[in-house]
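In: Based on what follows, work out the 3D shape:
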Amino acid sequence: MSCYFRHIKGILNEAGIEVTPGNKKEIDQAIHQIVEVAYKDCPHTWKKLRQQIIGDEQKKQDLVRRLQDALR
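Out: A predicted model of the protein is given here:
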């Protein structure tokens, strides 16, 4: 799994997203796109998630919604 997935398990659960070997790349790409970081730059993606989204309930809910939309 991506380096930050274990840290956002609650967000993924809230979005109703179950990470499997078959969909983890698609989820990872969606998250990178949402936080506007080039794909596979895991440390930078986690940094943005941690600093800008996880501590802000409004931004966290927006991330949940955007993940749900991206993975439909």
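In: If you count residues, where's the longest helix of this protein?
Out: If you go by DSSP state H, the chain has its longest helix at helix 57-70.
In: what does the average pLDDT come to for that one?
Out: Averaged across helix 57-70, pLDDT comes to 97.
In: Buried residues, it. List them.
Out: If you call a residue buried by 16 or more other CB atoms under 10 Å, then helix 57-70 has these buried ones: 60, 63, 64, 66, 67, 70. All C-beta spots, glycine's among them, are computed from the backbone N, C-alpha and C.
In: Residue 15 versus the second one, what's the distance?
Out: Same thing as residue 63. 8 Å (CB to CB, to the nearest Å).
In: Kindly report the same for residue 4.
Out: Counting by CB to CB, the gap from residue 4 to residue 15 is 15 Å.
In: do residue 43 as well
Out: Residue 43 is 23 Å from residue 15, by CB to CB.
In: Next: residue 71.
Out: 8 Å.
In: For the two, indicate the residue with more neighbours.
Out: Comparing residue 71 with residue 15 by other CB atoms under 10 Å, the one with more neighbours is residue 15, at 20 against 14.
In: All the helices of the chain, residue numbers only.
Out: So, for the chain - with DSSP H - the helices run 9-14, 24-35, 42-48, 57-70.
In: and the first one, how far out from the chain's middle?
Out: For helix 9-14, the distance between its averaged C-alpha position and the chain's averaged C-alpha position is 9 Å (CA atoms, centre = their mean, to the nearest Å).
In: Give me the contacts around it.
Out: Outside helix 9-14, the residues within contact range by CB atoms under 8 Å, 6 or more residues apart in numbering are 5, 18, 19, 27, 54, 60, 63, 64, 67.
In: And the third one, by the same measure?
Out: Taking contacts as CB under 8 Å, 6+ apart, the residues outside helix 42-48 that touch it are 2, 3, 4, 7, 31, 32, 35, 36, 37, 38.
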